[in-house]
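> Take a look and give me a structure for this.
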Amino acid sequence: MVHLGRPLFGSRFDAGNDTVMKAIFDFAAEKLLLSFTNAIDYQALVCLSVRIPIDFKRLSTGPLERKLVSDHMRLLLYANPGFTSMITVSSSEPTLAHASYRYTSVKRWRNGQLREESIKWSPIRALSENLESGDLDLGTRGEIAAAALLLDARDRAVTMNGTRSADQAPRVQHPPDDDDQNENAANEPDWHHDGDSRIVPVALFLEALLGTEGTDNLKCCEESILRSFSVVNQEYLRLALARGAAIICADNHSGIDILIPVLFDDLLLTAKVSAIMIQVKNSRHYTTVIDPVLFTCMDPYKCGLFDKHVQTPPPVLRVILALGATESAVVLREVPRRRSPKPRYSKFTAYDIWCAGAFRKTFAVISPEEEGFYATVLRHIRDAWDVELHLEHADLKTALHQMQPMVLADEDCYSLWAELQESDNIGKDYPIELQGGEGHDEEEDEDTVGA
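The predicted structure is shown next:
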């Protein structure tokens with residue numbers, strides 16, 4: 001792992017004695033946090049940014065992006081004259097990602113329970129508190145918010161797993177007034193076996209995420225954004241497993257937004273690799289009612305996960321995260337009833353889960369305090385008008401909307417030129433009338449069962 005990423009960690013590891021080798025993640029954590037004079041919101045964002053590929057907007061370069069580059073937490077690919085605009089990316093560095101996990105997870109979780117001041121290291125809080133800068137690009141689907149949610153669930157599952165003590169954090173040098181100074185200096189695990197803590201059974205991951213008891217293994221310490229559709233298949237997922245990475249799919253990928261690799265064996269064989277396939281919906285149109293069409297679009301053969309020549313693929317878990325829903329629900333999809341008596345053989349087995357609403361009742365990993373942060377981030381993604389972030393008065397927002405007719409489902413975009421009636425439903429959210437839903441007969445090519 002230490003040889004993946006910048007050469008600093010690999011060269012130090014190779015040249016060091018056993019003490020240096022054991023402390024390699026402590027050293028990485030010190031590089032990660034840089035200085036404890038930095039605000040904790042910035043530290044939390046830095047720790048998150050080496051695990052989730054956070055992006056920045058291309059129109060201009062703000063102070064947050066500049067500081068991350070100067071602190072060697074982002075790669076600078078291009079800068080125009082005067083550095084008024086830059087193109088930067090998050091580099092995949094498993095050593096920093098693992099150091100971030102080891103440091104932040106003990107601040108947030110203890111034996112699967114939230115710690116007293118866990119909110120300071122909440123992934124979604126780190127995103128929400130930095131929205132005002134206007135620099136962050138959180139995507140259009142809610143995939144970054146969903147990635148933060150899933151990563152948090154994975155960290156919680158590790159502390160529930162008992163593979164290592166929840167207090168075994170890197171022994172970074174804390175300031176004198178830090179209450180965790182002595183606690184975090186607990187016995188370190190043997191570095192030879194530290195990778196064991198990054199392997200999480202799927203059932204335990206689902207219990208950490210949804211609060212329900214569900215074994216196959218998933219291994220994820222960081223997430224990478226793909227730029228190509230062709231990377232979504234068993235062979236590339238096998239490599240992602242070896243690196244300890246999950247995948248955020250490229251924009252416009254058919255049917256899926258996030259892939260978490262799963263291994264159905266002790267050996268890292270391509271034929272034994274499957275995935276948790278996740279589609280994120282931030283629209284208010286998707287509610288607590290299952291839309292079967294979405295699951296149909298998540299065919300692992302059509303999405304590219306399985307090659308057409310694969311005859312006996314391992315099962316897949318398909319999850320819809322309807323984060324924009326205003327009500328909470330976790331629904332296990334039942335086997336669709338076939339209308340035709342003609343037998344049809346299944347190509348694959350899928351377990352389907354529909355999760356509605358970014359609330360504590362839906363996701364056990366979300367605390368009551370974090371519901372507001374999720375609402376802020378998801379609303380920002382849905383209504384991504386940067387200029388509105390800087391408008392405090394309602395009159396100014398009204399004027400802005402009136403100058404942009406038909407751009408939003410807001411009454412102000414229509415009031416000056418259309419005679420609106422109560423029955424017009426202008427400016428109101430309304431759900432799509434689903435053709436499927438409960439009790440709908442559907443014919444599919446797969447054997448879909450409840451998880």
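
> what helix or strand does residue 380 sit in?
Assigned by DSSP states H and E, residue 380 belongs to helix 370-382.

> For that helix, name the packing helices and strands.
If you count contacts as 3 or more CB pairs under 8 Å, 6 or more residues apart in numbering; DSSP states H and E, helix 370-382 packs onto helix 123-129, helix 143-161. C-beta coordinates here come from the backbone N, C-alpha and C atoms, glycine included.

> Confirm residue 207 sits in a helix?
Yes: applying DSSP: H, G, I helix; E, B strand; the rest coil, one finds residue 207 inside a helix.

> so it makes contact with residue 156?
No: applying CB atoms under 8 Å as the test, residue 207 and residue 156 come out as separate, 9.1 Å apart.

> neighbour-wise, which of those two wins?
residue 156 (26 against 19; other CB atoms under 10 Å).

> who's in contact with the more buried one?
Residues near residue 156 by CB atoms under 8 Å, 6 or more residues apart in numbering: 109, 112, 208, 365.

> now, which of the residues you listed lie within helices?
Under the assignment DSSP state H, the contacts of residue 156 contribute residue 208 to helices.

> Now do the helices in the stretch 251-400 of the chain.
Per DSSP state H, counting those that start in this stretch, the stretch 251-400 of the chain carries helices over the ranges 292-296, 370-382, 394-402.

> can you pull the buried residues of the helix holding residue 380?
The neighbour-count check on helix 370-382 (16 or more other CB atoms under 10 Å) flags 370, 371, 373, 374, 375, 376, 377, 378, 380, 381 as buried.

> excluding its backbone neighbours, what's nearest the second one?
Across the structure, with CB to CB, 6 or more residues apart in numbering as the measure, the residue nearest residue 371 apart from its sequence neighbours is residue 359 (5.8 Å).

> Quick check: the one you found vs residue 365, distance?
Using CB to CB, to the nearest Å, one obtains 11 Å as the distance from residue 359 to residue 365.

> In strands only, show me the contacts of residue 156.
With strands taken from DSSP state E, the overlap with the contacts of residue 156 comprises residue 109.

> now, which of the contacts of residue 156 sits nearest residue 402?
residue 365 (41.4 Å; CB to CB).

> contacting residues for the spatially closest residue to the closest one that is not a sequence neighbour?
In this structure, residue 365 finds its nearest non-sequential neighbour in residue 153, 4.5 Å apart by CB to CB, 6+ apart. Residues in contact with residue 153 (CB under 8 Å, 6+ apart) are 205, 208, 209, 363, 365.

> change it to 10 Å
200, 204, 205, 206, 207, 208, 209, 210, 363, 364, 365, 366 (CB atoms under 10 Å, 6 or more residues apart in numbering).

> swap in residue 19?
No residues are in contact with residue 19 under the rule CB under 10 Å, 6+ apart.

> Shouldn't it be within a helix?
Yes: looking at residue 19 with three-state DSSP, it is inside a helix.

> what's the distance between the spatially most central residue of the chain and residue 248?
By CA atoms, centre = their mean, the mean C-alpha position of the chain lies nearest to residue 147, the distance being 0.3 Å. Using CB to CB, residue 147 is found at 6 Å from residue 248.

> Helix, strand, or coil at residue 237?
helix.

> Next up, the contacts around the residue lying closest to residue 237 once chain neighbours are set aside.
Using CB to CB, 6+ apart and skipping residues adjacent in sequence, the residue nearest residue 237 is residue 261, 4.3 Å away. The neighbours of residue 261, taking CB under 10 Å, 6+ apart as the test, are 217-220, 234, 236-247, 273-276.

> Could you verify my assumption that residue 155 touches residue 103?
No: under the criterion of CB atoms under 10 Å, residue 155 is not in contact with residue 103, lying 11.0 Å apart.

> So which of these two has more stuff around it?
Relative neighbour count places residue 155 above the other of residue 155 and residue 103, with 26 against 23, counting by other CB under 10 Å.

> what's the pLDDT at the more buried one?
We have a pLDDT of 92 for residue 155.

> quick one: contacts for it?
Here residue 155 is in contact with 51, 101-102, 104-106, 108-109, 121, 123, 166, 200, 208, 220-221, 365 (CB under 10 Å, 6+ apart).

> So for stretch 383-396, mean pLDDT?
67.

> ends of it, how far apart?
This stretch, stretch 383-396, spans 16 Å end to end (CA to CA, to the nearest Å).

> try stretch 70-89
End-to-end for stretch 70-89, by CA to CA: 13 Å.
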